[in-house]
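# Kindly generate the corresponding structure for this input.
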Amino acid sequence: MAQTAPLRSLIFVYNADSSPLAEAFDFLHKAFSPATYACNLCKVTYGTFGIKKEWREFIQGLPWPAVFYHRDEFRNRYPHLSGTPFPAVFAERNDAGLELLASASELNEQHSVEAMKKLILARL
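Model prediction:
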């Protein structure tokens, strides 16, 4: 990947919507049928009741801010990227827009926090 501008932030996009009803459904779906849950980024980095400690520490230790969006929030903010399959991770570069750092298919292949961390770090 050509890196033409300094990294400003990392943007993580969940394959889930932000409404309270959607969040309640996601909670139940993840709890009772995790194998069919559509957001592997959420499934790997969150437990039943919140973010996993290892993931939180990783995010807090990054030298750049991490911004998290639900897919509906991301599509509203970046409509030109609304066709992107989610989950996804983008690098926001100064004056260069967003660059896809990790695709849905790549994120969906990760089965642990450690694997997710390695994928992100390898792309930076």
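
# C-alpha only now, for contacts and for neighbours.
Fine.

# Following element in sequence after the helix or strand bottoming out on mean pLDDT in the chain, please.
Least confident helix or strand of the chain, by mean pLDDT, DSSP states H and E, is helix 20-32 with a mean of 56. The first helix or strand that comes after helix 20-32 along the chain, using DSSP states H and E, is helix 40-45.

# And that following helix, what does it pack against?
Judged by 3 or more CA pairs under 8 Å, 6 or more residues apart in numbering; DSSP states H and E, helix 40-45 is in contact with helix 104-108, helix 113-123.

# let's see it at 10 Å
Applying 3 or more CA pairs under 10 Å, 6 or more residues apart in numbering; DSSP states H and E, we find helix 40-45 packed against strand 7-14, helix 20-32, helix 53-61, helix 104-108, helix 113-123.

# Flag the shaky bits of the protein, pLDDT-wise.
Across the chain, the ranges flagged by pLDDT under 70 are 1-5, 19-38.

# same thing but 80
1-5, 18-40, 46-49, 95-96 (pLDDT under 80).

# how about stretch 111-124: buried residues?
For stretch 111-124, the neighbour count (16 or more other CA atoms under 10 Å) marks Val113, Met116, Lys117, Leu119 as buried.

# Show me which of the residues you listed is closest to Ala66.
The closest of the buried residues of stretch 111-124 to Ala66 turns out to be Lys117 (CA to CA; 13.2 Å).

# circling back: from the helices and strands packed on helix 40-45, which stretch is densest packed?
Mean neighbour count (mean count of other CA atoms under 10 Å) peaks for strand 7-14 among the helices and strands packed on helix 40-45, with a mean of 21.

# That strand versus helix 53-61: what angle between them?
Between the axes of strand 7-14 and helix 53-61, defined by axes from the mean of the first three to the mean of the last three CA atoms, to 10 degrees, the angle is 150 degrees.

# partners of strand 7-14 in the sheet?
strand 66-70 (parallel), strand 88-93 (antiparallel) (DSSP bridges).
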